[in-house]
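In: have a look; sequence and predicted model below, questions after that.
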Amino acid sequence: MGDNPCMQVNHVNKTTTPSTRDIFSMSWPMALRAVMMFSIIIIDLYLVSFLGEEAVASIGIASVISGMVMGTILAFANAMQIKVAQAYGTNEPLELKTAFCSGLFINVSLVIAGIVLILLVGRSLLDLMAHSAQIAQSAQHYLTVFLLVMFAEALSSAFTSHFNGCGRTKLAFYSFLISAPINIATSILLIFGLYGFPELGIVGAAWGSFIGALLRMLFLGAKFYQSHGVFANVKGWLHDSFTVATQRQFNFSWPIAATFVSMTFANQACMALYSNLNVSQFAAMTLIMPWIRIAGQLSYTWTQATGILVAQLLGKSLSPDALDEFLSRAWRGAFVAAVIVAMAYALIIFATRFIYVELSQETRLALLSFLPFLLLLPFPRVSNAICGNVLRASGDTKTSMNIHLSANWLFMVPVTAFFILVLELSATWVFALFILEECVKFPFFHRRIWTKEWHTLKT
């Protein structure tokens, strides 16, 4: 493996730890990749909006079903990249092969199970959610094609997790640079039937997504083969059994997936509660949420890159002092990222008057009232995220899961319900709960980090 490209990138020796520049070089491609993913979704919805509100509604309800399956796969893929990073740190080809193949097997198994489940009960769920039989039928046609997207993305996410774990985060970003323009162009041609192409409506958007996903998968697969072949020179499996290795990786991964599922359902529950606000305040809450996710990617991917590097360093069995030195450096950089995110939030709030020109004055005032909280939110959130990613990197995935689940279901959802349904407070006070939730998690995350148990890799 001495000539293996993946084993040469960002490797540190026993006496050094990655610099702030190393963290940045890993985090910015992940941030731009995430922004591009959001942008493609926004562009697809914009294109489909020309077909009418029913077309948008069809994609919306289909995305609820496909989003749960894809989100679960991506959650397991995030866990996979930590296992790959730990293996990469050991510089042992057998561990790297096992981490990748086990993760790939889990991803493929999950997507096949998800596809079968959608084929069995998907139409029934669509009928329950749709406002009309026409919307349900259109959503079914879209979802049928989107099953191909899900399978391609399951493979791509495994390749992406492998490269991210090895520190080669730019490759996933490059794959989007190649596939995104073709995805958008194909969607336009097939949605509207331009230049002799068939006019497929919203199904054209699904085919455009599949072509983009397929190109991304082929690009990443080719890069993986260039780096490793098929691990033909690496014999055997960790723990002397692929089944045992896969089971251990699943046991490591499921708390991370459970955290995602819990957060998704908690967010949906809160959105349902927000609908009890008046129309203007509910509109303000709905409009600001995607922007919070997009602008927050810089700080989030910084913490994700920190977790990957910590996993690599733990795999190399660095001293506690070296680990603490690196984490302190990463933490300082995270707060710089939080400052930039806070400035981005301020810019977004002031730009909404130009982005959404038809908003009522009440909605504009509601958005403006969120600004003080948005200026503060990135700081506790990024600090908690550092803690969560470091704990996962050390193998302590259940602690992070327990903290998130408790904050979601013992604080955020019930207090949101109390604020809206009992106290009948405005959206401003409801929005303040985002900071309070981070404050609730703060002592539990940081106390766990201060125990220094994360210095030892849990297998």
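Out: Arrived safely, thanks for sending.
In: and stretch 408-423, how far apart are its ends?
Out: 20 Å (C-alpha to C-alpha, to the nearest Å).
In: in the stretch 301-450 of the chain, where is pLDDT below threshold?
Out: Applying pLDDT under 70 to the stretch 301-450 of the chain picks out residues 358.
In: quick check: the gap between V341 and M217.
Out: 31 Å (C-beta to C-beta, to the nearest Å). Just so you know, the C-beta spots here come from the backbone N, C-alpha and C atoms, and that holds for glycine as well.
In: of these two, who's got more company?
Out: Neighbours per residue, other C-beta atoms under 10 Å: of V341 and M217, the larger number sits with V341, 25 against 22.
In: what residues go with each domain of this structure?
Out: Domain assignment for the chain by automatic domain parsing gives 14-240, 255-459.
In: can you put those in CSV and add distance to R248?
Out: Output for the domains of the chain, formatted as CSV (distance: least, C-beta to C-beta, whole Å):
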stretch, distance to R248
domain 14-240, 7
domain 255-459, 8
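In: contacts only, for T399.
Out: By C-beta atoms under 8 Å, 6 or more residues apart in numbering, the residues touching T399 are 391, 448.
In: no no, G333
Out: Neighbours of G333 in contact, by C-beta under 8 Å, 6+ apart: 20, 23-24, 302.
In: remind me which helix or strand A337 belongs to.
Out: Using DSSP states H and E, A337 falls within helix 320-355.
In: next, the buried residues of the very next helix or strand once past that helix.
Out: As assigned by DSSP H and E, the chain's next helix or strand after helix 320-355 is helix 361-369. Residues of helix 361-369 classed as buried by neighbour count (16 or more other C-beta atoms under 10 Å): 363-364, 366-367, 369.
In: show me the shaky parts of the stretch 51-200 of the chain.
Out: In the stretch 51-200 of the chain (pLDDT under 70), the answer is 53.
In: try 50 this time
Out: The model of the stretch 51-200 of the chain has no residue with pLDDT under 50.
In: all helices for it, in order.
Out: Per DSSP state H, counting those that start in this stretch, the stretch 51-200 of the chain carries helices over the ranges 53-90, 93-129, 133-165, 170-192.
In: A31 is nearest to which of the ones you listed?
Out: Nearest to A31, of all those, is helix 170-192, at 9.0 Å by C-beta to C-beta.
In: after the one helix or strand F260 maps to, which helix or strand is next? Please name it.
Out: In this structure, F260 sits in helix 242-274 according to DSSP H and E. The element immediately downstream of helix 242-274 (helix or strand, assigned by DSSP H and E) is helix 279-295.
In: what's that next one packed up against?
Out: If you count contacts as 3 or more C-beta pairs under 8 Å, 6 or more residues apart in numbering; DSSP states H and E, helix 279-295 packs onto helix 20-49, helix 242-274, helix 320-355, helix 361-369, helix 427-431.
In: out of those, deepest packed?
Out: Across these, averaging neighbours per residue (mean count of other C-beta atoms under 10 Å) puts helix 427-431 on top, at a mean of 20.
In: residues making contact with that helix?
Out: Residues contacting helix 427-431 (C-beta under 8 Å, 6+ apart): 274, 277, 281-282, 284-285, 288, 366, 369-370, 373, 416, 419-420.
In: could you dump these to CSV with distance to A62?
Out: Output for these, formatted as CSV (distance: C-beta to C-beta, whole Å):
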residue, distance to A62
Y274, 22
L277, 27
Q281, 28
F282, 23
A284, 26
M285, 23
I288, 24
A366, 30
S369, 34
F370, 30
F373, 33
T416, 27
F419, 32
I420, 29
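In: between these, which is closest to L128?
Out: For the contacts of helix 427-431, the residue nearest L128 by C-beta to C-beta is Y274; the value is 21.4 Å.
In: need the pLDDT of the nearest residue to that closest one once chain neighbours are set aside.
Out: Leaving aside its chain neighbours, Y274 sits nearest to M285 (4.7 Å; criterion: C-beta to C-beta, 6 or more residues apart in numbering). Here, the pLDDT recorded for M285 equals 84.
In: contact partners for M285?
Out: Counting by C-beta under 8 Å, 6+ apart, M285 has contacts 271, 274, 277, 366, 427, 430-431.
In: any chance of these in a markdown table with distance to A393 as columns?
Out: Converted to a markdown table, those look like this (distance: C-beta to C-beta, whole Å):
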| residue | distance to A393 |
| --- | --- |
| M271 | 31 |
| Y274 | 34 |
| L277 | 39 |
| A366 | 39 |
| A427 | 37 |
| V430 | 34 |
| F431 | 31 |
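In: for the residue nearest the centre of the chain, give its distance to I182.
Out: Nearest residue to the geometric centre of the chain (C-alpha atoms, centre = their mean): L74, 6.7 Å. Distance from L74 to I182, counting by C-beta to C-beta: 22 Å.
In: same check, this time on T456
Out: According to C-beta to C-beta, T456 and I182 sit 46 Å apart.
In: ok, and the closest non-adjacent residue to E153?
Out: A213 (5.3 Å).
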